[in-house]
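> sequence below, structure please.
(chains A and B)
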Amino acid sequence: AQKVTQAQTEISVVEKEDVTLDCVYETRDTTYYLFWYKQPPSGELVFLIRRNSFDEQNEISGRYSWNFQKSTSSFNFTITASQVVDSAVYFCDLSEPQGYSSASKIIFGSGTRLSIRP
Amino acid sequence: DGGITQSPKYLFRKEGQNVTLSCEQNLNHDAMYWYRQDPGQGLRLIYYSQIVNDFQKGDIAEGYSVSREKKESFPLTVTSAQKNPTAFYLCASSKEGARNQPQHFGDGTRLSIL
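Reported below is the predicted structural model:
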């Protein structure tokens, strides 16, 4: 069965510190997709990044970087030099092709609430 | 601007009452989704639709119903059979139903029991 674990329920750091949000997933499929979304206090989730299972390249976008490691089934997210505007809940999502299974195959982690203190 | 509009922002339901949550998108996306979010939990999929006039149950469909008569609209009805409806409901869409597409979300409807 598919599963996404975000073990860090809440993280609080001082502005300008680096912070890493962990995401560990379980799946039997060889083809799958991983996403990170940000949920600010306004409520809507905002897409940050997608990674395909066959593409293990890490990615950097400004202060954000992602480390995808299939060997440890992890897709961790690092914010460098954090800012107060980064405060939000961050979700990791595992999605798999529908296939013939009745399961939806869209699994979100429980989220990590990140607070950046000025 | 293109996006997803959910209404109302807050909704109250009486015992035994059905209520309908609205979701409209002008992104010309084929696929639409409804999620439920409870405090401290991730999103759980209620229903999804990959194309007009077609929809499938998600992981927690019991007590809910949907329709997809127009590409732009995917309303969710919370029926009286849903015994614990208090939650935050999020609607989303993606360009296609393929699972490699990122989803675009509305800003949610918060449903409470009176």
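> for stretch B:13-21, which outside residues touch it?
Contact with stretch B:13-21 is made by B:6-8, B:11, B:34, B:75-80, B:85, B:89, B:91, B:109, B:111-114, as judged by Cβ atoms under 8 Å, 6 or more residues apart in numbering or on different chains. In short, each C-beta sits where N, CA and C put it, glycine included.
> how near is the nearest residue to B:Ser94 once chain neighbours are set aside to B:Gln6?
Computed as Cβ to Cβ, 6 or more residues apart in numbering or on different chains, the closest residue to B:Ser94 that is not its neighbour in sequence is B:Gln101, at 4.0 Å. Counting by Cβ to Cβ, to the nearest Å, the gap from B:Gln101 to B:Gln6 is 20 Å.
> the more surrounded of the two?
Shown here are B:Gln101 and B:Gln6; by other Cβ atoms under 10 Å in any protein chain shown, B:Gln6 has more neighbours (23 against 19).
> just checking, what packs against the helix or strand harbouring that one?
Element membership for B:Gln6 (DSSP states H and E) is strand B:4-7. Judged by 3 or more Cβ pairs under 8 Å, 6 or more residues apart in numbering or on different chains; DSSP states H and E, strand B:4-7 is in contact with strand B:19-25, strand B:87-94.
> which stretch among these comes nearest A:Arg63?
Evaluated over those, closeness to A:Arg63 peaks at strand B:87-94, with 25.8 Å, by Cβ to Cβ.
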